[in-house]
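A.B. asks: sequence first, predicted model second:
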Amino acid sequence: MKTTLLHSWHEAAGARFAPFAGFDMPIQYPSGAIEEHRLTRRSVGLFDIDHMGQVLIWGPGAGEVLSRLVSNRILDMQGGEARYALLLNEQGGVIDDLFIYRLAPTATMIDPWFVVVNASNRDTDVAYFREHIKSPIEVQDISDETYMIAVQGPKAVQLIDSMTGGRLSATKRFTMTEAPIAEVPCKIGRTGYTGEDGAELFYPADKAQYLWEFILERAKKEGIEAGPVGLAARDSLRFEAGMPLHGHEISPDITPLEALLSWACDFEKDFIGKKALLELKARGLSRKLVTLNVSGGVPREGYPILDREGREIGKCVAGMYCPTTETYSANAFVPPTFAKAGTELAVAIRGNAKPAVVVQRPLYVPTYRRNT
């Protein structure tokens, strides 16, 4: 079992741990996952997400080659811009979802790209890139020497601005800037996975704990409530905001059309999996992702979804209590005829059918979408 470089810090802070993507990760701290979730919604949460991977791709024509491997358009991006995209197999299933940053070229790197991959797929993704990208274009896995944390919440921009001279507020959503924090060089992406504003920080791994502790101390100095947040709250935060988790709402057996991610596919360019998606579009979907609110119990992954006659029509792929909306909710794949908001269904919880209703997604509209 791997650990992040902050593992001993989390232990000292009283974290509970569980395996995730091959890492022994903090699931929650003594305050509990619900309070950590609410802390992120009202102020600032810090997330150790160094289990995720980072890959540099550069060289003559790197963008054109990478464009053919990912679903979304990227060649129109300017230096510093970020974009969500999918890595698909030939059948249109999702190998991984990625955040892709276009970097400014340097004296040693022509056409550089910075790709953030999920922990469980790091080796698969790197192998995939190396299979399809050949010299003189370089593929470099820099995950071990790069540390990654997230600073999220309505006061996260204020906190980071206090350490960078206002750099984050001057940075648009889904772009990256570079600035030192406590003299540590950082790539600062105005991105995240919680539905809140904030940033994901990439910096030298040998400064992992130093910068983590500096940010917490700076929050105290600024009078900003902040604290560590484990994976349980990260899951409920992303769930409320309608963001997919690999192995649940997306997988190699689930297509972006079924997962409501067609917006991350640019069908006016070529990419692996495009042909299969167009064929699926022509046939019509047999299942579609929905969110349900459930009464009388907690829905969990694998629980059957039932129609009004009690017939099984799908299964939950994720389910939990959502602290912001104060609902017990689930994500599931069901036939499109059952996918309309307001459709009454049921979830079989320990053999008992509990009432459920399909609701509008997402449960919590991300802050950066509310005025757009």
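C.D. replies: That came in fine, so what should we check first?
A.B. asks: quick check: buried residues in the helix or strand that contains residue 67?
C.D. replies: Element membership for residue 67, per DSSP states H and E: helix 62-69. Within helix 62-69, the residues scored as buried using 16 or more other C-beta atoms under 10 Å are 62-63, 65-67, 69. In short, each C-beta sits where N, CA and C put it, glycine included.
A.B. asks: export those residues as TSV, with columns for pLDDT and distance to residue 84.
C.D. replies: Listed next are these as TSV, based on pLDDT from 0 to 100; distance: C-beta to C-beta, whole Å:
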residue	pLDDT	distance to residue 84
62	98	19
63	98	17
65	98	19
66	98	14
67	98	14
69	98	15
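A.B. asks: contacting residues for the closest residue to residue 159 other than its chain neighbours?
C.D. replies: Distances taken as C-beta to C-beta, 6 or more residues apart in numbering place residue 224 nearest to residue 159, at 5.2 Å, with adjacent residues excluded. Shown in contact with residue 224 (C-beta atoms under 8 Å, 6 or more residues apart in numbering): 43-44, 155, 158-159.
A.B. asks: helix or strand right after the lengthiest helix in the chain?
C.D. replies: Identified as the longest helix of the chain according to DSSP state H is helix 208-222. Sequence order places strand 226-228 as the next helix or strand after helix 208-222, per DSSP H and E.
A.B. asks: hang on, the earlier thing: which strands and helices sit next to the longest helix of the chain?
C.D. replies: Secondary-structure packing of helix 208-222 (3 or more C-beta pairs under 8 Å, 6 or more residues apart in numbering; DSSP states H and E): helix 7-12, strand 44-48, strand 146-152, helix 156-164, strand 176-181, strand 184-189, strand 226-228.
A.B. asks: helices or strands next to the fifth one in the packing?
C.D. replies: Yep, that's strand 176-181 we're talking about. On a contact count with 3+ C-beta pairs under 8 Å, 6+ apart, strand 176-181 meets helix 156-164, strand 184-189, helix 208-222.
A.B. asks: tell me the angle of the helix or strand following the helix holding residue 67 relative to strand 184-189?
C.D. replies: Tracing the chain C-terminally past helix 62-69 and defining elements by DSSP H and E, one meets strand 82-88 next. Strand 82-88 runs at 70 degrees relative to strand 184-189, counting by axes from the mean of the first three to the mean of the last three C-alpha atoms, to 10 degrees.
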